[in-house]
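K.L.:
just the structure for this:
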Amino acid sequence: MKNEKTNIITNNKKINIKKALLFTLIILPVAIIGGICTTIYQIDTLAPQMVEAAVSQVGSLEMVVAITTLQTTVYTFICSFIGYIVSDKIGLIKPFTLKKKSILTSLLFGAGLGVLLGVDHFISGSMYPEIQSANVSSFTLNGVIASILYGGVIEEVYMRLFFMSLIALIVWKLFFRKYDSNNIPQKAYVIANIVAALAFAAGHLPATVGIFGDLDAFILIRCFVLNGIGGYLFGELFRKHGIGYAMIAHATAHIVKFVIFAIFI
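P.N.:
Model prediction:
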């Protein structure tokens, strides 16, 4: 009887609310720590007038950090809980077990992307000094923690677990309705991954504009190539191995990037 109260049957597929809530509660501490570090890092790198404007609205820097962290926590709770349920419904939730092949694949994908980001610092950075300045400014304790926890975990909750799963659900309902939830064609997931990867890349445009002010063709293409490749690889790991492995790869990419910075900068 207890299990029946925490399960909902949809389309002949049982959705476990209890597991969705447990997953969400596990993610929330990461959201809180990542939110705090991300906000402090942003305060340290924003123009003084922007920081002053934020403080004038809420009263203090501490309140800025608290409010922004609360927003991150609430968004993470919503996206984790709903994302888990949607992912479970369409067959994207997989048990996180320590499989050697999956871990190795995740680490290789993440390390490869991290090397690409590190090399970009020197190639693109030689043409655009703003790139190197932004990378150096991120190489602080708060910047590193924010990149690994917020970037590596929370962004995967937002963009893969929630957004990609939602797009896959919509694609399934619009174009593959004749298939049940246990036999959704892989092309539905691939389409969703491409859309999510493009959205992930586009989501980095505001930060890119903040760094450069204006966007030329090279900077725009660079933003979509670097982030689009990463987003697609993380989506493939999510689709084939589970969200935990997408998080491992994303976090590894940032770790390797910072290791390269530590060695060569």
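K.L.:
which residues does residue 107 contact?
P.N.:
248, 249, 252 (C-beta atoms under 8 Å, 6 or more residues apart in numbering). Just so you know, the C-beta spots here come from the backbone N, C-alpha and C atoms, and that holds for glycine as well.
K.L.:
ok, of these, which one's closest to residue 177?
P.N.:
residue 249 (32.5 Å; C-beta to C-beta).
K.L.:
can you report how many residues lie near that closest one?
P.N.:
With neighbours defined by other C-beta atoms under 10 Å, the count for residue 249 comes to 29.
K.L.:
repeat that for residue 37.
P.N.:
23.
K.L.:
one more: residue 58?
P.N.:
For residue 58, using other C-beta under 10 Å, the count is 14.
K.L.:
now, which of the contacts of residue 107 lie within strands?
P.N.:
Counting by DSSP state E, no part of the contacts of residue 107 is found in strands.
K.L.:
the residues you listed into TSV, with extra columns for pLDDT and distance to residue 225?
P.N.:
Below are the contacts of residue 107 laid out as TSV (pLDDT from 0 to 100; distance: C-beta to C-beta, whole Å):
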residue	pLDDT	distance to residue 225
248	97	23
249	98	17
252	98	19
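K.L.:
got these as a markdown table, with distance to residue 32 columns?
P.N.:
Listed next are these as a markdown table, based on distance: C-beta to C-beta, whole Å:
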| residue | distance to residue 32 |
| --- | --- |
| 248 | 21 |
| 249 | 23 |
| 252 | 22 |
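K.L.:
of these, which is the nearest to residue 173?
P.N.:
If you rank the contacts of residue 107 by distance to residue 173 using C-beta to C-beta, residue 249 comes first, at 28.9 Å.
K.L.:
how about the closest one, what does it touch?
P.N.:
106, 107, 109, 110, 113, 233, 234, 237.
K.L.:
got it, and residue 245?
P.N.:
Counting by C-beta under 8 Å, 6+ apart, residue 245 makes contact with 96, 102, 103, 105, 106, 237, 238.
K.L.:
go through those residues and flag which are in strands.
P.N.:
Among these, no residue falls in strands (DSSP E).
K.L.:
drop anything exposed from the residues you listed.
P.N.:
Among the contacts of residue 245, the ones that count as buried by 16 or more other C-beta atoms under 10 Å are 102, 105, 106, 237, 238.
K.L.:
what's the average pLDDT for stretch 90-104?
P.N.:
Stretch 90-104 carries an average pLDDT of 90.
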